[in-house]
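1. here's my sequence, what's the structure:
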Amino acid sequence: MRWFTSLDGHDVATVILLAALVVLAFLTFRDYAISNDEPVQHHYGELILRYYASGFHDRSVFNFENLYLYGGLFDIIAVGLSHVLPLDPYALRHILCALIGVSGIGAAALTARLIAGPRAGLIAAIALSVCGAWYGTMFNHTKDIPFAAAMTGAMLVLIRIAHALPRPRAGDVAAFGLLAGAALGMRSLGLLLLIYVGLAIALYLPRPFYLPRSWLDRAGRRFVVESSLRIAPGLLLAYAVMILAWPWAALAPLNPIRGLFAFSQFHYDIRTVLDGKIYEMAHVPRLYVPTYILIRVPVLMLFGAMLGLVLALRSSLAAVSAQARHRDIVLIGMAVIFPLACQVIWDGPAFTGLRHFLFVIPALAVIAGIGLDAAVTALATRSRVLALACLAAISAGFAWNAATLVELHPYEYLFYNPLVGGLQGASRRYVTDYWFASMPEAIHQLEAYVRHTGHAGLDGKPPVYAVAVCGERLAFEKAVRLPELHFAPRWDRYQFFIAPTHMNCDRALDGKVVGTVKRLGVVIATIKDHRALTGPVASATR
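-> The predicted model follows:
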């Protein structure tokens, strides 16, 4: 309690916010549907454990679709916990992913606090918490969120290391190794951390690398060598964690790099949408991902990030005393700019909006927290009233975002900002419910409709109806409760059809619209009755 009461008021508010998010996660994690990727990811975790349990003899893990190109750290943990906890495996995945997502918010808050103080940390935590692209994916994006949280934690520790170069604390080096290994143990994009380590050493030279001859003198060379040697044990630890979670990476030293290049060349038969135009994933416009970031991140967060980057530029031109914060912001800024620049320059494949670039969102929140805090500080030097007015405007903006997420629940990941007209403006023009997360709600409406309109068959038993679903079978079977409704593996024989409006999938089959799932006045899924043309196929047997 003495430690808690000694905290700054903004620190106390941040702790309360994180605790509230944990409670909220436990209260709502069952509201979120199973995503399309989860069944294969969970099975991949089972195959990894089977590989180790067999003494490396069962090699089916290397032949399971293309999953071997990913690490399976989250899946291994989820599968292991499912054997000891009396909880549905997918419910367990969702609460575990949500808690990791909250830890990512905490890491973002600590990073902003480390750079600019407690108020910046609180603003960063709030910004990320009310960002639908983060909170809305925090429960069932069980690869993207854990990877992003690990990357955020690694960047936090890397800044701590950078402040102490060329002699960082051993604990920080070990923490960086564990977090970097966790990131690599899920996606090969964790290799970006190696680039960030090199950038950190260059930025924190006694004389920054952009000053003349800074890296050519003897002191600069000694700094680089000693820093590299001190950080090397952490990189070795990261490698060890990676190969434990990613068996394919252990087969050859260069496999992680091969995996990274493989992802840059993926050309699945997957389509996506941008501004109403349909694209194959391999042929999306270069600005596909930056555009989705621009329209899916809260405007206030974007504005704060812009202010933070301007602050870094001004600091670089100011006194030496301002250089430390400048270096920190540049390092965090590169965690946003560099991967996006690579995507744009090399015109990589992309689909489902910014999902594969969620890991840049926490860094964006950090910069936003720093920028908005700097704005309040600057106004306070002129007028206390102006500073309070700025804080009130920031609070109102984030409160509006939070209220929007409440209205969208549990489809917070459908949040779009006013730059595109919100969800109303994005509907049928941009990516919306690509996981068909609204399937359970659609099924419940269908069940109520069938109970109200259904009739017993000639044998007195309720008829069986085939339901065509623009989604995955497992998600359907986990949600359905009425025995009359069966998943239709073929779409040429069906009595009902449920589908999201994403990519106009609801228009793929005919039928009378008998129900809709709506949020903010926008239809995100439809339920159609096709029985006017076809009747029940059999009587219920289950």
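
2. contacts and neighbour counts: CA atoms only from here.
-> OK.

3. what residues does whatever helix or strand residue 76 lives in touch?
-> Element membership for residue 76, per DSSP states H and E: helix 73-82. With contacts defined as CA atoms under 8 Å, 6 or more residues apart in numbering, helix 73-82 is touched by 41-42, 44-46, 48-49, 88-89, 92-93, 96, 142-143, 146, 182, 185-186, 245-246.

4. kindly report the same for stretch 258-276.
-> Contacts for stretch 258-276 (CA under 8 Å, 6+ apart): 69-70, 188-189, 278-282, 288, 348-349, 351-352, 428-431, 503.

5. so which of these are in strands?
-> Mapping these onto strands (DSSP state E) picks out 278, 279, 280.

6. and of the residues you listed, the nearest to residue 151?
-> residue 280 (28.8 Å; CA to CA).

7. next, count neighbours for the closest residue to that closest one other than its chain neighbours.
-> Distance criterion CA to CA, 6 or more residues apart in numbering; nearest residue to residue 280, sequence neighbours excluded, is residue 271 at 4.5 Å. Neighbour count for residue 271, taken as other CA atoms under 10 Å: 16.

8. hang on, the earlier thing: can you select the buried ones from the contacts of helix 73-82 in ChimeraX?
-> Applying 16 or more other CA atoms under 10 Å to these, the buried members can be selected in ChimeraX as follows:
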select :41,42,44,45,46,48,49,89,92,93,96,142,143,146,182,185,186,245,246
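
9. cross the contacts of helix 73-82 against helices and list the overlap.
-> 41-42, 44-46, 48-49, 89, 92-93, 96, 146, 182, 245 (DSSP state H).

10. and after the helix or strand containing residue 467, which helix or strand comes next?
-> Using DSSP H and E, residue 467 sits in strand 463-469. Next along the chain after strand 463-469, taking DSSP H and E as the criterion, comes helix 473-479.

11. centre of the chain to that next one, how far?
-> Averaging C-alpha positions (CA atoms, centre = their mean, to the nearest Å) puts helix 473-479 23 Å from its chain's average.

12. can you pull the buried residues of it?
-> If you call a residue buried by 16+ other CA under 10 Å, then helix 473-479 has these buried ones: 475, 476, 479.

13. stretch 330-337 now?
-> Buried-residue list, stretch 330-337, by 16+ other CA under 10 Å: 330, 331, 332, 333, 334, 335, 336, 337.

14. just give me the closest of the residues you listed to residue 252.
-> Among these, and counting by CA to CA, the member closest to residue 252 is residue 335, at 27.7 Å.

15. dump the one helix or strand that closest one maps to to CSV, keeping only the CA atoms.
-> Here residue 335, judged by DSSP H and E, is contained in helix 323-346. Extracted in CSV, the C-alpha atoms of helix 323-346 (Å, rounded to 0.1, in the frame of the first residue of the first chain):
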residue,chain,number,x,y,z
GLN,A,323,18.2,14.6,-27.3
ALA,A,324,17.3,11.6,-25.0
ARG,A,325,13.6,12.0,-25.6
HIS,A,326,14.2,12.6,-29.3
ARG,A,327,16.1,9.3,-29.6
ASP,A,328,13.4,7.4,-27.7
ILE,A,329,10.7,8.8,-30.0
VAL,A,330,12.7,8.1,-33.1
LEU,A,331,13.2,4.4,-32.0
ILE,A,332,9.5,4.0,-31.3
GLY,A,333,8.6,5.8,-34.5
MET,A,334,10.7,3.4,-36.5
ALA,A,335,8.6,0.6,-35.1
VAL,A,336,5.7,2.1,-36.9
ILE,A,337,7.3,3.6,-40.0
PHE,A,338,9.8,0.9,-41.0
PRO,A,339,7.4,-2.1,-41.4
LEU,A,340,4.9,0.1,-43.2
ALA,A,341,7.5,1.5,-45.5
CYS,A,342,8.7,-2.1,-46.3
GLN,A,343,5.1,-3.0,-47.2
VAL,A,344,4.7,0.0,-49.4
ILE,A,345,8.1,-0.1,-51.1
TRP,A,346,8.1,-3.9,-51.9
